[in-house]
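Asks: Only the shape, not the letters, is given here:
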Ligand SMILES: [Zn+2]
């Protein structure tokens with residue numbers, strides 16, 4: 001039996017080889033006593049109003065039956081078809097997590113609870129830029145190994161790659177509104193949804209930097225989120241299709257993605273905030289979170305080059321962060337995180353070129369706590385750390401202590417993926433030059449060496465290993481309480497004559 005077993009109502013760790021932790025003991029993280037941000041409770045408020053709506057319209061019975069269903073484990077049949085099944089979000093909880101957090105893609109209240117759990121317990125969740133189903137699988141595999149949640153995200157370029165680089169050249173006019181990048185992100189999201197629940201860890205689905213010129217991409221993603229919700233709604237009510245979404249949403253809806261990032265940091269702050277507020281108002285209606293950026297992340301990523309940025313712009317000021325916090329907090333039911341600049345740079349450079357100043361985040365937390373009248377030591381803002389590759393572990397941990405709940409990882413996993421392929425090629429070079437003929441004999445076939453699964457798996461293994469270090473750096477280890485995973489038993493191969501794993 002797998003270590004991860006869903007039993008009615010609760011995920012317990014009763015399976016052989018899994019210990020049941022009776023108390024949550026997190027490393028030696030400081031107990032900050034931080035209270036949740038006001039924004040983080042808003043999903044709950046919406047929940048209350050929909051109870052009222054449901055009662056008014058006589059729908060409380062179905063709400064009850066939903067609660068009953070929530071207490072049931074997902075059947076094996078349902079689990080096999082996570083995106084297609086007619087059911088609510090996957091059930092099952094984790095010994096060390098808030099009850100709303102479940103295996104599979106989390107959104108809405110589960111997302112907020114998970115990120116607040118990270119903030120309160122002094123860890124951050126790694127967010128990896130994925131460009132294929134293979135990179136998604138490697139990330140979730142690493143998360144299961146580390147007994148931790150993970151964030152899967154797509155950049156616009158990565159999403160387009162996911163759909164296929166040939167897509168926009170086939171009929172260029174089809175990609176004027178970023179159709180390929182929208183289709184790729186949706187394809188990746190469906191893939192992640194299909195496998196996340198099987199691996200049994202919470203997965204946050206997110207998209208990365210969206211600058212002003214990419215807003216049509218963002219609009220397309222939001223439309224996909226809204227449709228995903230609508231499709232599920234129609235599933236539940238089957239023949240009784242109603243257009244009255246409001247009352248039903250809190251009970252049945254969730255967006256396709258947990259959250260998206262808007263990066264208008266190149267625009268004047270006023271415009272940045274104004275556009276973020278406008279989008280957050282739309283996203284709040286479907287419980288979708290927003291990550292915004294202010295200041296500039298230096299370096300180069302996904303074709304955006306800030307290598308010549310004005311050094312002053314690489315460091316945000318507490319007043320600016322407050323301005324963003326204040327405006328976004330006013331959006332009803334809005335949930336947001338802030339990527340503030342504290343000297344972070346995309347890419348990996350020679351040591352000494354990057355001067356991280358995590359205390360900027362601490363100063364902002366103190367400044368904002370005072371402004372909004374929260375007690376000393378509060379961490380009202382949920383920060384996001386971009387450009388973390390190659391950072392000093394001391395700076396990373398310090399940033400996490402100051403309220404960073406997510407760190408982006410791209411450059412380091414790009415290298416680890418490639419390095420896995422490089423190692424594989426070096427190891428089997430003499431077997432990879434022709435279809436037939438190698439050092440063992442001139443008529444020996446090389447099929448098992450050039451089968452793409454062999455080098456791709458090597459890339460995945462290498463990435464999983466690199467990711468393990470990321471989880472350690474962010475203190476994101478054993479936070480679910482599942483214990484170590486079992487060795488996969490139902491995986492086919494290696495077949496007769498296959499490569500040793
Ligand atoms: Zn970034």
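Replies: Structure received. In this text the structure is predicted, and so the values were computed from the model without any measurement.
Asks: What is the burial count for residue 370?
Replies: 13 (other Cβ atoms under 10 Å). Where you see a C-beta, it was placed from the backbone N, CA and C, and this is true even at glycine.
Asks: pLDDT score assigned to it?
Replies: Listed pLDDT for residue 370 reads 97.
Asks: What are the buried residues along the host helix or strand of it?
Replies: In this structure, residue 370 sits in helix 359-372 according to DSSP states H and E. Residues of helix 359-372 classed as buried under the neighbour-count rule (16 or more other Cβ atoms under 10 Å) are 360, 361, 362, 363, 364, 365, 366, 367, 368, 369.
Asks: Ok, stretch 408-419 next?
Replies: By 16+ other Cβ under 10 Å, the buried positions in stretch 408-419 come out as 408, 409, 410, 411, 412, 413, 414, 415, 416, 417, 419.
Asks: and what of stretch 458-470?
Replies: Those would be 458, 459, 460, 461, 462, 463, 464, 466, 467, 470, for stretch 458-470 by 16+ other Cβ under 10 Å.
Asks: I'd like those as TSV, with secondary structure and pLDDT appended.
Replies: Shown next, in TSV, are those (DSSP: H, G, I helix; E, B strand; the rest coil; pLDDT from 0 to 100):
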residue	secondary structure	pLDDT
458	helix	96
459	helix	98
460	helix	98
461	helix	97
462	helix	98
463	helix	98
464	helix	98
466	helix	97
467	helix	97
470	helix	96
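Asks: Pick out whichever of those sits closest to residue 209.
Replies: Nearest to residue 209 among those: residue 470, at 19.4 Å, using Cβ to Cβ.
Asks: so who does the spatially closest residue to that closest one that is not a sequence neighbour touch?
Replies: Using Cβ to Cβ, 6 or more residues apart in numbering and skipping residues adjacent in sequence, the residue nearest residue 470 is residue 126, 4.6 Å away. Residue 126 sits next to 150, 151, 406, 407, 409, 467, 470, 471, 474, 476 when contact means Cβ atoms under 8 Å, 6 or more residues apart in numbering.
Asks: Now tabulate the buried residues of stretch 458-470 in TSV and tack on distance to residue 279.
Replies: Below are these laid out as TSV (distance: Cβ to Cβ, whole Å):
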residue	distance to residue 279
458	41
459	35
460	35
461	39
462	37
463	32
464	35
466	33
467	31
470	29
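Asks: for the residues you listed, which one is nearest residue 212?
Replies: Looking across the buried residues of stretch 458-470 and measuring by Cβ to Cβ, the closest to residue 212 is residue 470, at 30.4 Å.
Asks: Wasn't residue 195 part of a strand?
Replies: No. Using DSSP: H, G, I helix; E, B strand; the rest coil, the secondary structure at residue 195 is helix, not a strand.
Asks: tell me the SS of the residue nearest the centre of the chain?
Replies: Closest to where the C-alpha atoms of the chain average out (Cα atoms, centre = their mean) is residue 151, at 2.2 Å. Under the three-state scheme (three-state DSSP), residue 151 adopts strand.
Asks: who's in contact with it?
Replies: Residues counted as contacts of residue 151 (Cβ under 8 Å, 6+ apart) are 125, 126, 127, 128, 203, 204, 205, 206, 406.
Asks: ok, which pair from the residues you listed is furthest apart?
Replies: With Cβ to Cβ as the measure, no two of those lie farther apart than 126 and 205, at 14.1 Å.
Asks: right, and residue 425 touches residue 455 too?
Replies: Yes. Assessed by Cβ atoms under 8 Å, residue 425 is found in contact with residue 455 at 7.0 Å.
Asks: picking that back up, and of the contacts of residue 126, the nearest to residue 158?
Replies: residue 409 (12.9 Å).
Asks: Other residues contacting stretch 371-386?
Replies: With Cβ under 8 Å, 6+ apart, stretch 371-386 has contacts from 32-35, 37-38, 115-116, 119, 124, 127, 291, 293, 297, 321-322, 325-326, 336-340, 344, 346, 361, 364-366, 368-369, 396, 399, 402-408.
Asks: Buried among those residues? Make that a PyMOL selection.
Replies: Typed into PyMOL, the line below selects the buried ones among the contacts of stretch 371-386, using 16+ other Cβ under 10 Å:
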select buried, resi 32+34+35+37+115+116+119+124+127+291+293+297+321+322+325+336+337+338+339+340+344+346+361+364+365+366+368+369+396+399+402+403+404+405+406+407+408
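Asks: Could you list which of the contacts of stretch 371-386 belong to helices?
Replies: Among the contacts of stretch 371-386, the ones falling in helices (DSSP state H) are 115-116, 119, 321-322, 325-326, 361, 364-366, 368-369, 396, 399.
Asks: Would you map the helices across the stretch 351-500 of the chain?
Replies: Per DSSP state H, counting those that start in this stretch, the stretch 351-500 of the chain carries helices over the ranges 359-372, 393-401, 411-428, 447-450, 452-473.
Asks: Show me which residues of stretch 259-279 are buried.
Replies: 259-266, 269, 272-273, 275-277, 279.
Asks: likewise stretch 290-307?
Replies: For stretch 290-307, by 16+ other Cβ under 10 Å, it's 290-299, 301, 304, 306.
Asks: Go through those residues and name the one nearest residue 482.
Replies: Nearest to residue 482 out of the buried residues of stretch 290-307 is residue 291 (Cβ to Cβ; 27.0 Å).
Asks: end-to-end on stretch 195-203?
Replies: 10 Å (Cα to Cα, to the nearest Å).
Asks: Kindly report the same for stretch 465-484.
Replies: For stretch 465-484, the first-to-last residue distance is 15 Å (Cα to Cα).
Asks: now swap in stretch 473-488 and tell me
Replies: For stretch 473-488, the first-to-last residue distance is 26 Å (Cα to Cα).
Asks: starting at the chain centroid, how far to that stretch?
Replies: Distance, stretch centre to chain centre, for stretch 473-488: 17 Å (Cα atoms, centre = their mean, to the nearest Å).
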